[in-house]
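Asker: Fold the stuff below for me.
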Amino acid sequence: MEAIYLKYSHDFRDYTGASQKRRVLYALGQLDLPSISALQDKVLRDPAVFSRLLQFLTIPVSEMFRDPAYFLALRRQVVPVLQTYPSIKIWVAGCSTGEEVFSLAILLEEEGLLARSRIYATDINPTSLEKARQGIFPLEAVRGYTANYQRAGGRRAFSDYYTAAYDAARFDPALCADVIFADHSLATDSVFAETQLVSCRNVLIYFNRQLQDRALGLFHESLCHRGFLGLGAKESIDFSRHAASFDALSRAERIYRKAS
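Answerer: Numbering: from 1, shown residues only. Next up, the predicted model:
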């Protein structure tokens, strides 16, 4: 990890050891290499091998309207406050292949907020970002997303938002007309905009405590006065260095508000 940082400036040094080990061992099998030393040699000599390794180190796992109760809580408790702003900025940190971005865009559209919203969707994996830009997902997965959408308080037929063809669903590009997809690392980069909502879900679980604190500090710095922070179901700000900087709005759904 130190060698990757020095060579490519991608910083995985403060990711949890168990997660790193699992992903590196999986990569060895996929790349047909006998040892970590052989992997290190290939990675340092060939940027193309590093690009392949990056897909294993970041393993994009997501789904639309994942944890529907979270999106229902956003709709009921966060949207009424967002409606008071003339313009809205939202940061989806660790956006992976875009499922959460499109979920939020659909929610904002149904609440009449999408036209005055800008979403910053960031990730460290350029392949994932490109997939997110395309907005194309397997049709089989979309069937499961439909049930999530309904439980999240969806107000229309989910099929209104995509066109299906050849076992894939392409979501309406208008949903992401004002989305900015960008490379950003929570390990090395700084804040780039003031936002009303930061949604970073199922990312912190892969960080050690030091990197979690750094990321939470970035979110606190990015949020406007009394802005909102959404985390994943297994994540919390409790016991972090920034625990006192946030109030729990919906503890069960991991939605917090910047303390006044």
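Asker: List the buried residues of the strand ranked longest in the chain.
Answerer: Secondary structure of the chain read by DSSP state E shows that its longest strand is strand 223-231. Under the neighbour-count criterion of 16 or more other C-beta atoms under 10 Å, strand 223-231 has 223, 227, 228, 229, 230, 231 buried. The way it works is simple: take the backbone N, C-alpha and C, and place the C-beta from them, glycine included.
Asker: can you tell me the average pLDDT over whichever helix or strand comes after that strand?
Answerer: Tracing the chain past strand 223-231, the next element assigned as helix or strand by DSSP states H and E is strand 246-250. Taken as a whole, strand 246-250 has a mean pLDDT of 97.
Asker: residues of strand 246-250 that come out buried?
Answerer: 246, 249, 250.
Asker: and if you look at stretch 110-117?
Answerer: Those would be 110, 111, 113, 114, 117, for stretch 110-117 by 16+ other C-beta under 10 Å.
Asker: What about the closest residue to residue 51 other than its chain neighbours, how many residues nearby?
Answerer: Leaving out its chain neighbours, the residue that sits closest to residue 51 by C-beta to C-beta, 6 or more residues apart in numbering is residue 127, at 7.7 Å. Per other C-beta atoms under 10 Å, the neighbour tally for residue 127 reads 15.
Asker: likewise residue 188?
Answerer: For residue 188, the neighbour count with other C-beta under 10 Å is 12.
Asker: For the nearest residue to it once chain neighbours are set aside, which three-state class applies?
Answerer: Spatial nearest neighbour of residue 188, excluding adjacent residues (C-beta to C-beta, 6+ apart): residue 11 at 5.0 Å. Under the three-state scheme (DSSP: H, G, I helix; E, B strand; the rest coil), residue 11 adopts coil.
Asker: quick revisit: from what I see, the residue nearest to residue 51 and residue 55 are in contact.
Answerer: Yes: using C-beta atoms under 8 Å, residue 127 makes contact with residue 55 at a distance of 6.2 Å.
Asker: tell me what the longest strand of the chain is packed against?
Answerer: Counting contacts by 3 or more C-beta pairs under 8 Å, 6 or more residues apart in numbering; DSSP states H and E, strand 223-231 is packed against strand 195-200, strand 255-258.
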